[in-house]
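Novice: Quick one, fold the following:
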Amino acid sequence: MKGYMMGHAPVQESVEQAMTTHSGLAAWVAEVAALTQPENIHWVDGSEREYARLTDELVSGGTFTRLNPELFPNSFAAFSDPKDVARVEGRTFICSKSKRDAGFTNNWMEPTAMKAILDDRFAGSMRGRTMYVIPFVMGPLDAEDPKYGVEITDSAYVVTSMRIMARIGTDVLRQLELTNAFFVPALHSVGAPLAPGEKDVAWPCNEEKWIVHFPEERSIFSYGSGYGGNALLGKKCFALRIASVMARDEGWLAEHMLILKLISPENKSYHVAAAFPSACGKTNLALLEPTIPGWKAETLGDDINWMRFGKEGELRAVNPEAGLFGVAPGTGWSTNPNAMAAIAKGNSVFTNVALTDDGGVWWEGMTEQVPAHLTDWQGNSWTPESGHPAAHPNSRFCTPIDQVDMLSSEYYAPEGVEINAILFGGRRKTTIPLVTQARDWTHGIFMGSTLSSETTAAATGAVGVVRRDPMAMLPFMGYDAGDYLKHWIELSAKANQARLPKIFLVNWFRRTSSGGFAWPGFGENSRVLKWVVERLEGTAAAVETPIGLIPAPGSLDLAGLEVPESDLQDALKVVPAEWDEELKGIHEWYARFGDSLPTEMSAQLDDLKARFAL
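Specialist: Next comes the predicted model:
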């Protein structure tokens, strides 16, 4: 830093004081300040007072709209630039030293070339703005091996959202200093410097966007976007893309999974982890209301799951997040009352939802009755006759997880909970039964590696395209997909084989021959989970099929549920003709892995073909 003229006394003083005894962090903050040239530096302490000041500033700047405190206490709505509304997969890169290590599922650029681009974009990018330094930890601060990060950002919106989504601030910084711990540096800028006297806009961003990960360095750079997973770098960037590489190197798993606790009428507890691609019911399952008398459910997480083997060889799971960052449309009082009850307690940041005339928020599916008038997410007057949704399809609620009434007390346990079963699930109209049990761990990985959902061209009524999404991690694997599957296979050697979770494939979305849903879904999915638990206990009957074990007739608890027998048969059937097409699709999918596909997966495919040929 010596010899560099900051040009702004507050910045100069802040860097010199360093604000931390962690020499590596102090040096990095100084380096970033020299590059980005902010007006001020603020070290985030995570306090209520700080949050109140930042939200007041965001309201006065037009970024936040304060909601009616009687409806949503201490809550705010933000509205993004229409060109900054979602994760930008096409601009997301894994810059490993070797292109092969990034694999075919990721965008790659040679690291030195990428850093030259980033240095150019970040140079002066924070002029006229405050640079916020956010120390954070993923998971409990008192964990045996806490994973620290520090996000530097020029967005107060990011600070307020990170305060909900992660454990941040002074307590984290002090612990980081005490242990002189490693941290993941995560640099973010909206890429909109301000000239002297220039008035800011409500949602600054840049049309050019870069979301870049350097896995060997464990570093993250995000430029140009202020939205969601592009900007809240503790979420997908750290907790999945970088953490998956850490997990590979250190012998654990960082997964895109919910964590659910089921409690039987006998008061016995079971923990289930479940991976679903988007729009497949992950949040609804995480916040399940069982419909079977005597069964209860508690949640530990709805999105990210870090799993390690415990001292007895059992697989233990922790949710590293502190909040819910959920898609708002489709989340409603009839479909997900537990989520809505948490949101109604307030302390939330909403983005790109609609505003009600009484100072609340609304989105499609929130209530059965549609309001007569709203202000849509782009600030326009809206009525049901407007002909377009009032909220953006990717609008979000950002809510503290401790406001969820069904949150398990085990969420706070630094050692996590033992996982008894793992579910993989996609959205398929045909082919995949309601529930199938894998024969063993490797067969379960095969199920996860070929996980798929159908997309539909609604305008033409086309059946759609099957999109493979291994373990629901397609956009989030920080390294080669074949190596990722190999890691899952090899990891089981660490396990107590008797306590290894059983793996199941589920599909709530199978259709009948007449086109309706064969299974009612939502809370009734607890009946499938009951069968899963009974399979763990060895008390439920199953039928062998070429693809695995499905419920035997009468083994699903349907008491009080009116499902026609023909619908149940449609939900559970295995049709060889459908599987002829599925096998071709899996073969084409596996061909994309090249020589990185584990031989165990090729053998599983061969075995499946052979079973259908019998």
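Novice: Does residue 391 touch residue 382 like I think?
Specialist: No. Taking contacts as Cβ atoms under 8 Å, residue 391 lies outside contact range of residue 382: 9.6 Å. To be clear about C-beta, it is placed using only N, CA and C from the backbone, and glycine gets the same treatment.
Novice: which stretches of the stretch 1-150 of the chain have low pLDDT?
Specialist: Counting by pLDDT under 70, the stretch 1-150 of the chain contains low-confidence residues at 1-18.
Novice: Give the buried residues for stretch 199-217.
Specialist: Of all the residues in stretch 199-217, those buried under the rule 16 or more other Cβ atoms under 10 Å are 203, 204, 205, 206, 209, 210, 211, 212, 213, 214, 215.
Novice: What values do phi and psi take at the nearest residue to the fifth one once chain neighbours are set aside?
Specialist: By that I understand residue 209. Closest residue to residue 209 apart from its sequence neighbours, by Cβ to Cβ, 6 or more residues apart in numbering: residue 224 at 3.7 Å. The phi/psi pair for residue 224 (degrees, to the nearest 10) reads phi 100, psi -20.
Novice: and if you look at residue 317?
Specialist: Per degrees, to the nearest 10, the backbone of residue 317 is at phi -120, psi 140.
Novice: Let me know the pLDDT of it.
Specialist: Per-residue confidence for residue 317 comes out at a pLDDT of 98.
Novice: and the residue nearest to residue 209, how many neighbours?
Specialist: Each residue near residue 224 was counted by other Cβ atoms under 10 Å, and the total is 25.
Novice: wait, doesn't it sit right on residue 212?
Specialist: No. Shown here, residue 224 and residue 212 do not form a contact pair, counting by Cβ under 8 Å, at 11.0 Å.
Novice: Show me the common contact partners of residue 391 and residue 382, please.
Specialist: Counting by Cβ atoms under 8 Å, 6 or more residues apart in numbering, the shared contacts of residue 391 and residue 382 are 354, 376.
Novice: pull the longest strand from this structure.
Specialist: With secondary structure taken from DSSP state E, the chain has its longest strand at strand 130-138.
Novice: that older thread, between residue 391 and residue 382, who's got more neighbours?
Specialist: When neighbours are counted by other Cβ under 10 Å, residue 391 and residue 382 differ, and residue 391 comes out ahead with 26 against 22.
Novice: give me every residue that touches the more buried one.
Specialist: So residue 391 contacts 328, 329, 352, 353, 354, 362, 363, 364, 376, 377 (Cβ under 8 Å, 6+ apart).
Novice: Assign a three-state SS to it, would you?
Specialist: Under the three-state scheme (DSSP: H, G, I helix; E, B strand; the rest coil), the conformation of residue 391 reads as coil.
Novice: Tell me the confidence at it?
Specialist: Model confidence at residue 391 (pLDDT) stands at 97.
Novice: now the helices: where do they sit in the stretch 101-250 of the chain?
Specialist: 111-122, 156-165, 170-179, 228-231, 243-250 (DSSP state H, counting those that start in this stretch).
Novice: so where is the stretch 451-600 of the chain shaky, pLDDT-wise?
Specialist: Using pLDDT under 70 as the threshold, the predicted model of the stretch 451-600 of the chain has low-confidence ranges 455-464.
Novice: any chance you could map the strands in it?
Specialist: Taking DSSP state E, counting those that start in this stretch, the strands of the stretch 451-600 of the chain run over residues 452-455, 465-468, 502-506, 542-545, 548-551.
Novice: between the ones you listed, which gets nearest to residue 101?
Specialist: Within the strands of the stretch 451-600 of the chain, the stretch nearest residue 101 is strand 465-468; the backing value is 20.6 Å (Cβ to Cβ).
Novice: what helices or strands is the closest one leaning on?
Specialist: The contact analysis (3 or more Cβ pairs under 8 Å, 6 or more residues apart in numbering; DSSP states H and E) places strand 465-468 against strand 452-455, helix 576-591.
Novice: With just CA atoms, put that strand into PDB.
Specialist: The C-alpha coordinates for strand 465-468 follow below in PDB (Å, rounded to 0.1, in the frame of the first residue of the first chain):
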ATOM      1  CA  VAL A 465     -36.900 -32.300 -23.500                       C
ATOM      2  CA  VAL A 466     -35.400 -34.400 -20.700                       C
ATOM      3  CA  ARG A 467     -32.700 -32.300 -19.000                       C
ATOM      4  CA  ARG A 468     -30.200 -34.300 -16.900                       C
END
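Novice: quick check, distance from that strand to the centre of its chain.
Specialist: 20 Å (Cα atoms, centre = their mean, to the nearest Å).
Novice: Can you give me the buried ones in it?
Specialist: In terms of neighbour count (16+ other Cβ under 10 Å), strand 465-468 has its buried residues at 466, 468.
Novice: Of the buried residues of stretch 199-217, which is the nearest to residue 38?
Specialist: Distance ranking of those against residue 38, using Cβ to Cβ, places residue 204 first at 13.5 Å.
Novice: what's around the nearest residue to that closest one once chain neighbours are set aside, how many residues?
Specialist: Nearest in space to residue 204, with sequence neighbours left out and distances taken as Cβ to Cβ, 6+ apart, is residue 192 at 3.7 Å. Per other Cβ under 10 Å, the neighbour tally for residue 192 reads 22.
Novice: which phi and psi does the nearest residue to residue 78 once chain neighbours are set aside have?
Specialist: What sits nearest to residue 78 in space, not counting adjacent residues and going by Cβ to Cβ, 6+ apart, is residue 351, at 4.9 Å. Dihedral pair for residue 351: phi -130, psi 130, per degrees, to the nearest 10.
Novice: in the sheet, who's paired with residue 351?
Specialist: Applying DSSP bridges to residue 351 yields these beta-bridge partners: residue 78, residue 396.
Novice: Do you know the pLDDT at the residue nearest to residue 209?
Specialist: Looking at residue 224, its pLDDT stands at 98.
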